[in-house]
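S.K.: I would like to see how this sequence folds:
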Amino acid sequence: MSSDASLTTEGNEIASRFGSVGSQLRLAREVAGLTAAQLADSLHLGHEQLDALERGERERLPEPVFIKAMTRRIAVRLRMDPDPLLDELTIALAAEQAGRSQPKRAANPSPAVSNNTSSNAQSESRPSAMRWKSVATLALLAGVGVGTALVFAKQQPMPTPEVAVNTAIPQPAPETPQPAAITEPDPSLTPPSAAPSVTVTSQEPSWLEIRNPNGETLYEGTLDDETPLAVNPGDEIYAGRPDLVLISNGNNRPRPLGDISDIRWHKITPGP
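M.R.: Residues are numbered from 1 along each chain as shown. As a prediction, the model looks like this:
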């Protein structure tokens, strides 16, 4: 199968899965007797986003984590099982991400160096070797001349040094010891106290994703009220229901991550 045909097949599969999820949500909404506007307003969602999801139009939808959170909230509101829908979205989004990756072409090997180049280099190095031999010979002759001059100088009688009379060598005055300086510790170098532990719990089963400051996903899934998660200051949380997710700093009283419409990345801070 050619590359273009493979891309077309993957695109059709992605569109088919998004369309399947949207059709199921739209049918459940109609069975519940709700209009698209009524459902969007009850969940504090944008009307255009709900319309794009029901139509399966991926290009009108935001980032994957928001799509999953919105799908889960709508499914729970319409009394549907969200897991099959999320499985469809996970497969479609994975195929979409794989389609964006393009294989890199191998770099062309460097051309081999011809034998003529090596021969030319050797021929050019020969005059240079001859010049170095001449310089070495001159240096050797100069060294012999300097050595002869030194031997002749040693054979000359050395004058007798005059003896100084009554010459007193002054003694240095004793130094007064100075007290050792006391260095005060730099408060800026004092290590900070350990930050209080931060835990995440949920009042009801709630979908969320946690990532570190480098953007790496640390956790993604449904959090129930019996499974607390430990996070670090600087991590970020994206929850489908921010009002159900509770943050606890040390011994402080747990507080909600945000209100029901505050769906965004929330950064964890060490303070209360």
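S.K.: Can you list the low-confidence ranges for the stretch 51-200 of the chain?
M.R.: 101-196 (pLDDT under 70).
S.K.: which residues in the stretch 151-272 of the chain form strands?
M.R.: Using DSSP state E, counting those that start in this stretch, the strands of the stretch 151-272 of the chain run over 198-202, 206-211, 217-223, 229-231, 236-239, 245-249, 255-256, 265-267.
S.K.: and stretch 19-32, which residues are buried?
M.R.: 19-22, 24-26, 28-29 (16 or more other C-beta atoms under 10 Å). From N, CA and C alone the C-beta is placed, and that goes for glycine too.
S.K.: follow-up on the earlier one: in CSV: the strands of the stretch 151-272 of the chain, plus mean neighbour count.
M.R.: Output for the strands of the stretch 151-272 of the chain, formatted as CSV (neighbours: other C-beta atoms under 10 Å):
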stretch, mean neighbour count
strand 198-202, 19
strand 206-211, 21
strand 217-223, 14
strand 229-231, 15
strand 236-239, 22
strand 245-249, 20
strand 255-256, 14
strand 265-267, 13
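S.K.: contact partners of stretch 51-68?
M.R.: 14-15, 18-23, 25-26, 29, 36, 48-49, 70-71, 74, 86, 89-90, 92-93, 96, 207, 209, 220, 238, 240, 263 (C-beta atoms under 8 Å, 6 or more residues apart in numbering).
S.K.: and the end-to-end length of it?
M.R.: End-to-end distance for stretch 51-68: 15 Å, by C-alpha to C-alpha, to the nearest Å.
S.K.: before we move on, back to that, and the strands of the stretch 151-272 of the chain as JSON lines, adding distance to Glu59?
M.R.: Output for those, formatted as JSON lines (distance: least, C-beta to C-beta, whole Å):
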{"stretch": "strand 198-202", "distance to Glu59": "32"}
{"stretch": "strand 206-211", "distance to Glu59": "22"}
{"stretch": "strand 217-223", "distance to Glu59": "24"}
{"stretch": "strand 229-231", "distance to Glu59": "33"}
{"stretch": "strand 236-239", "distance to Glu59": "21"}
{"stretch": "strand 245-249", "distance to Glu59": "30"}
{"stretch": "strand 255-256", "distance to Glu59": "33"}
{"stretch": "strand 265-267", "distance to Glu59": "22"}
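S.K.: hang on, isn't His47 packed against Ala40?
M.R.: Yes - assessed by C-beta atoms under 8 Å, His47 is found in contact with Ala40 at 4.9 Å.
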